[in-house]
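K.L.:
Make a model of this:
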Amino acid sequence: MYGIRRRWLINSLTLSLIVVFVGVIGYSLATADYYYRTVQDSLVSRASATANFISKNVASGYDSYYNSAQQYARDFSENNILELQFINTSGRVEVSASRQTVGYLPKTGDIQEALSEGRLSTWIGVDPLTGEHVLSVSTTLFYMGHEIIGAMRYVTSLKEVNRRIYTSLFTAVFIGLFLICSTALTNLYFIRSIVTPIQDITRAAKKIASGSYGARIERVYDDEIGELANTINNMSVDLASAERQKTDFISAISHELRTPLTAISGWGEVLLDSGRSDAGEIQKGVRIMLKEAERLTKMVEELLDFSRMEDGRMVMMMEPFDIASELEEVVFMYMNNLSGEGVKLHYDAPEETPEITGDRGRLRQVFLNILDNALKYGGGGGRIDVSLRRGLQDVSVVIRDYGPGIAPEELPLLKRKFYRGNTNARGTGIGLTISDEIVRMHDGSLEVESVLGEGTSVSINLPLKL
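P.N.:
Next up, the predicted model:
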């Protein structure tokens, strides 16, 4: 037994033992006090009444007292449970109902107090004569109302009382042990309901850590442990999805890199062929190589930006600038790329040119990324619209294509890193992720809306410079 089970049992059983121990001791003391006090009160009451009766009926002096004591002792019928003794002023037993202690000098505290202080006194202890645990009550006997003539003493064995006390004590101990055992069993069952699921979760977590992404844990309890199981299940699913996305990304980036490299190396071999001197073909090859090199540069820059974004090292160089002129420059520059694509780009210029504070280079990167996506995924619609609208507190750049659109279930996934959707179009799947982060770092938002068969609209909302 180790871990949580051991700590839990030690803590709970220690507390239970303390509670039971204190409870048993308290109960035992209260029980003993109750029994002793009951016997004592009974004897005190009886001794007081008897002493008053004898004191009032003593006729004259010691002889009368002695005769009355003898008579009272002969008539005493409770010898089986009580010992009745009459004590003289020197503390010696003169008359005994059992006749066994006549002449005995008890020297107990109750006799000494009764004779010296003239008051009723009690004593509990071991009888020096019999070695038995007894309770005695001594009360003073007066002659003529004020002169001490002796004492009357009741003595009773506490054997039966002690037996009852021990019985109560053993009962309390048995109940305490039963409660401790019940607590231990209950705690073991309860701990098992906690430890077993945690062990299952631990095993599943180790499987996930070893690479078994997608492994799931059965949810047994609808509580915090069940919530933990759900969380790890979701994490496992997310890791499996991330692993697939990573694999897809590596495959995609490998393909993206191989295509321009193949073109560059192929045309390089062509240009090195000394047998070919056609100037037009050479220019065509150089243009293709430059275009593919530009693609490679763009991919490398995109990967570097993604790395900076993941590490939190992406920094914006903020400055006031005219977003309308910047967007217009991007649009007209991009029109050249569309000349051979059969796609028309329509730009709706604003009446006013709002000024914002931002990183113009990064925002230019966002506009180009969205335009690239519009061309890749929606270029089949033959048209792309770009507009700039000014609101009360922000400006919105809207880029809309008229392509096949995006399924509703895919929209929430578009900004995830490496997500490329159900398409064979080229790309790394991180462009939109980087664009969304750049816009977010400008305290803006990037929103995507799409309708299947009608196209997709991307809104880049940026706060105005106030």
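
K.L.:
Would you mind listing the outside residues contacting stretch 257-277?
P.N.:
For stretch 257-277, contacts defined as CB atoms under 8 Å, 6 or more residues apart in numbering pick out 281-282, 285-286, 288-289, 292-293, 295-296, 299, 426. All C-beta atoms are positioned from the backbone trio N, CA, C, and that covers glycine.

K.L.:
ok, now with 6 Å
P.N.:
With contacts defined as CB atoms under 6 Å, 6 or more residues apart in numbering, stretch 257-277 is touched by 285, 288-289, 292, 295-296.

K.L.:
Which of those fall in helices?
P.N.:
Counting by DSSP state H, the contacts of stretch 257-277 place 285, 288-289, 292, 295-296 in helices.

K.L.:
from those, which is closest to residue 463?
P.N.:
Top of the list for closeness to residue 463, among the ones in helices among the contacts of stretch 257-277 and by CB to CB, is residue 295 at 33.4 Å.

K.L.:
Near the spatially closest residue to that closest one that is not a sequence neighbour, how many other residues are there?
P.N.:
Closest residue in space to residue 295, ignoring its immediate chain neighbours: residue 260 at 4.9 Å, by CB to CB, 6 or more residues apart in numbering. Look at residue 260: counted by other CB atoms under 10 Å, it has 20 neighbours.

K.L.:
shouldn't residue 384 be in contact with residue 401?
P.N.:
Yes: with contact defined as CB atoms under 6 Å, residue 384 reaches residue 401; the gap is 5.2 Å.

K.L.:
which residues are common contacts for these two?
P.N.:
Both residue 384 and residue 401 are in contact with residue 374, where contact means CB under 6 Å, 6+ apart.

K.L.:
Work out the gap between the strand or helix carrying residue 11 and the centre of the chain.
P.N.:
Applying DSSP states H and E as the criterion places residue 11 in helix 3-57. Offset of helix 3-57 from its chain centre (CA atoms, centre = their mean, to the nearest Å): 43 Å.

K.L.:
ok, now how distant is residue 50 from residue 93?
P.N.:
16 Å (CB to CB, to the nearest Å).

K.L.:
Give me the more crowded residue out of these two.
P.N.:
Each of residue 50 and residue 93 has its neighbours counted (other CB under 10 Å); residue 93 has more, 20 against 17.

K.L.:
So, low pLDDT: which residues of the stretch 51-200 of the chain?
P.N.:
When residues are selected by pLDDT under 70, those of the stretch 51-200 of the chain lie in 57-61, 144-145.

K.L.:
hmm, back to that, please render the contacts of stretch 257-277 as TSV that adds neighbour count and distance to residue 185 to the earlier fields.
P.N.:
Listed next are the contacts of stretch 257-277 as TSV, based on neighbours: other CB atoms under 10 Å; distance: CB to CB, whole Å:
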residue	neighbour count	distance to residue 185
285	20	85
288	16	81
289	19	80
292	19	75
295	18	71
296	16	71
